[in-house]
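Give the three-dimensional model of this entry:
(2 chains)
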Amino acid sequence: MTTLSEQVSEMPQTALRSPDEVMRLERLGACFPNRLSFMRTLVRWLSREKAEVTRPVWEINDQGYGRAVYSVPLDGDVYSLVAFSQPLAAENRSDRVIAEAWDASFALFDGVPTKADLDRLEANTPKQEAGRYEPTELSLSRANKSVRFFEHVAGRLAEGQQPDPDLLNSIGYLMRTTAVYGNGKLGFADRARIDSRPAMWESFHVEMLNVWLIRGFTHDLVEHIAKARNPDGFAPLTAETKRCLGIGNATGLGLAPFLVNHSLLLNNWMLVRETALARVRAVQQADTATIATVRALMQRVTRHLDQWSVEDTRQMTRIETLRQEWPRVIELTSENWLSQDFPWDRLVVASADWSVECQELIVALVMEPYGDLVDDLADGLASRGKPQLAPAMSVADLSALVDQNYGWAVAIDFSDPKEEHQFWYVSEAKLEPRLGKRFEEDGADKESPLDIARRVKALAGDLKDAPGSENVAAFLMRHPEHRYVARRVQASEAHPYCEIRDNLLSEDCLPIDMLRFKLAYFGASKFDPKSDLWTRINMYQGAPTFDEIASTEADDWWLPVLGETS
Amino acid sequence: MRHSLNEVEVTLRKAAVGAGLPIGLAEDISRAAAWLVAGGLDGAGAGLTAVEAGKTISSGVVMDDGTVRFDTSRIACDGPSAIDFLIAGQGRVMAQMTKPDSILLMAGLAGAAAAVYGGAFRFEFDDGSAATVVSAHGLDPAELPEAPVSVQISWQPEAGTALSTINTSGIEVEDGVWNRIVALAAKTYVPESEESRLQGAGAGLLDND
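Numbering: from 1, shown residues only, chains lettered A, B, ... in the order given. A predicted model of the protein is given here:
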């Protein structure tokens, strides 16, 4: 396997976009899924291997409660989703992390579980964080039904009909997950268990496989209930309806600290995408077929935008702006315009006249037809590394790095209360990450270390008072409080995209931007913010189903559109 | 109870912060503990011992010959500094530590450092015993003296070995030790309030659609 830096230098490419441009919250919060998003890379793995999903256990009663197992071989190993479905009183149904009961709970098992494994998991999985798990479990999750839609679909299928298209479009999933855990939590497997498995090496493939299998379970579950109601008149979901039924997800603040706590991973995600974009921008001539593909995708974008409506005012305004701008993008990109030299570079440059959301949509769009040019970069998405200290570095060199990569942080005036308005913390209630108002709420003394900008500014101040020739080892012996951020600053030398270049304490910081960014990297779409702190999304909508995964078309599902057969 | 390597690392990092250590030192302590656990050793217990010894201002003093001396060696605080000086010194300096509170965690810090910087760390104890720590797991705790003794540590940059296969089945941690770690970690959590419950995350509504 080549290293990311080796891959980066192998192909012609334009200059990468600057971290000062792409690592701003506003732009991160305008991110769209692209062909290197984790769901896409996983589906390509599954498709390449013509993965065959089996269902060795289906012990579900007529009301839809019980347990089931789905197994899928992948790259020489077998993974099994163990699913439990149970009754849930309406008053207990909440998407919050602090919930304690769910409609369904799941474990992704390494191998095929025995009956003893199933019994053990049945005693623990429905309790989620209150249970304990073994190293054979790779991921854990839970989901709640979209009650009105699940019941609608079950009823319609029982009557021999398909779901109402408008409801299908407005909701788009039968269940939504409320957490998907991995990497050793609650006693289950550490990442090290699967590090040598190429199919699971890439970022979040374990979790994304878990979710893809859950989606298939929800399809089977609703059909099972409908059939039990009316065995003679029941109709199964059509292939197209199934494809339009993704998995919902309610995501809160938990994703935001992840991006700060995994700075090298963040760097790799961004470096891979920016490198992919730079390779595409370096294409001198687009062939006729590629131009046709892009123009067809532009039409799909139009329909996707028409079908993407949300209640959130800020996001809806942005969608409406996109709807106005997109015809201008189409108008500009005639066949003739795209047939001239460096069409994608010219398009990216031209997009500067439109909204940031439109610019980022174009970035994802132009990558789409160039799998042969960019897909190899997916190997570089993962990172097992952590920032490491370079103790021999001089104080002068560390100061220079601060100046070079953290000028944005040093420039912030933290004497202005609005720059420290918020603080991040972990609530003792199920360890839920939360955001508080510093001058109104208690708890700032237990603040989580997401105050990178403030820490860098403090470091910069103390570096000025230290001899420039002193090494970092000596400096940190006197200033252990700077150890955390000194490591990050040093890491920025080789990892230019490792830091979100905004003050996460500021009154202006909107966590929803971080959530949108990470969820787009997962491959999610139809972002539906419910506040500045949480959002709903749809995962795998439009993606191949169990029956379709071996199809050669399995990769063509960027931006789902209801009524379009991919 | 058995705990995963990640559980030990994450919970011990929080415990170190809960005990008052800066997050940067907490990271080093928890990584050292994880390195020990990955080799099947009691990283949780070693980490807890060091964390409970309490935060102190580093006692490190740099001597004229470049040797760094720690007279009251609190490994949670002085251990990472000792490693820093050894790495920065490129094998030309030594660290002297007087009766460190957790020699096993110091070995963990050395092992975790060897995994990053390569080389081998040589521990020479004042009772005449000695041990070598490299990135590959295989440290025999029996090589480390039980009674508190002082130690002189050096780093040999060229002497490293490759990483070995690591334990991926987690490790048994004695419940009493784990409970003390969890109690310290809990000091980093903010008590629940009605306002934080409603305004701090997500929406206060019941998602019952």
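
Report how many residues lie close to the residue lying closest to A:G468 once chain neighbours are set aside.
Nearest residue to A:G468, sequence neighbours excluded (C-beta to C-beta, 6 or more residues apart in numbering or on different chains): A:A396, at 3.5 Å. Every residue, glycine included, has its C-beta placed from N, CA and C. Applying other C-beta atoms under 10 Å in any protein chain shown, we find 13 residues neighbouring A:A396.

residues in the stretch 301-450 of chain A within reach of chain B, list them.
A:386, A:388-389, A:391-392, A:425-429, A:431-436, A:441-443, A:446, A:448-449 (C-beta under 8 Å from any C-beta of the partner chain).

SS state for the residue of the stretch 351-500 of chain A found nearest chain B?
Relative to chain B, the nearest point of the stretch 351-500 of chain A is A:R483 (2.6 Å; C-beta to the nearest C-beta). Secondary structure for A:R483, judged by DSSP: H, G, I helix; E, B strand; the rest coil, is helix.

With A:N538 instead?
strand.

do the same with A:N249
strand.

what sits against it?
Neighbouring residues of A:N249 by C-beta atoms under 8 Å, 6 or more residues apart in numbering or on different chains: A:176-178, A:211, A:519, A:524, A:536-539.

Let me know the distance separating it from chain B.
Distance, A:N249 to chain B, by C-beta to the nearest C-beta, to the nearest Å: 12 Å.

repeat for A:E21
Taken as C-beta to the nearest C-beta, the span from A:E21 to chain B is 29 Å.

just A:D119 next, same as before
For A:D119, the distance to chain B - C-beta to the nearest C-beta - is 19 Å.

next one: A:L347
For A:L347, the distance to chain B - C-beta to the nearest C-beta - is 38 Å.

same question, A:T14
34 Å.

longest helix in chain A, by residue count?
helix A:205-229 (DSSP state H).

so how far is that one off the chain centroid?
Its chain's average C-alpha position is 20 Å from that of helix A:205-229, according to C-alpha atoms, centre = their mean, to the nearest Å.

Same check on stretch A:456-464?
Here stretch A:456-464 is found 34 Å from its chain centre; the criterion is C-alpha atoms, centre = their mean.

Highest neighbour count among the contacts of A:N249?
A:A524 leads these on contacts (other C-beta under 10 Å) with 29 neighbours.

Which residues are in contact with that one?
Going by C-beta under 8 Å, 6+ apart, the list of residues near A:A524 reads A:33, A:39, A:249, A:537-539.

And it, how far from chain B?
Applying C-beta to the nearest C-beta, the value for A:A524 to chain B is 17 Å.

Report pLDDT for that residue.
Reading off the confidence values, A:A524 has pLDDT 94.

As a quick check, tell me the outermost residue of chain A.
A:P467 (43.8 Å; C-alpha atoms, centre = their mean).

Is it correct that it is in contact with A:S399?
No - using C-beta atoms under 8 Å, A:P467 is not in contact with A:S399, being 11.2 Å away.

which residues do the two both contact?
With C-beta under 8 Å, 6+ apart, A:P467 and A:S399 have no common neighbours.

Give me the mean pLDDT for whichever helix or strand comes after the longest helix of chain A.
Next helix or strand after helix A:205-229 toward the C-terminus (DSSP states H and E): helix A:239-244. Taken as a whole, helix A:239-244 has an average pLDDT of 95.

Stretch A:528-539 now?
Rounded mean pLDDT across stretch A:528-539 is 90.

For the chain, give me the ranges with low pLDDT.
All of this refers to chain A. A:1-9, A:564-566 (pLDDT under 70).

That was the other one, I meant chain B.
Looking at chain B by pLDDT under 70, you get B:160-165, B:201-209.

Could you pull up phi and psi at residue 94?
Chain wasn't specified; assuming chain A. phi -140, psi 150 (degrees, to the nearest 10).

wrong chain, I was asking about chain B
According to degrees, to the nearest 10, B:M94 has phi -130, psi 160.

Return the residues in contact with it.
Contact analysis of B:M94 by C-beta under 8 Å, 6+ apart lists B:67-68, B:86, B:152-154.

how many neighbours does A:A116 have?
Neighbour tally, A:A116, other C-beta under 10 Å: 8.

What is the three-state secondary structure of A:M11?
Once three-state DSSP is applied, A:M11 turns out coil.

That one and A:A239, how far apart?
Distance from A:M11 to A:A239, counting by C-beta to C-beta, to the nearest Å: 38 Å.

same question, A:F32
To A:A239, A:F32 is 26 Å away according to C-beta to C-beta.

Neighbour count: the two, which is higher?
A:F32 (22 against 12).

Lovely, talk soon.
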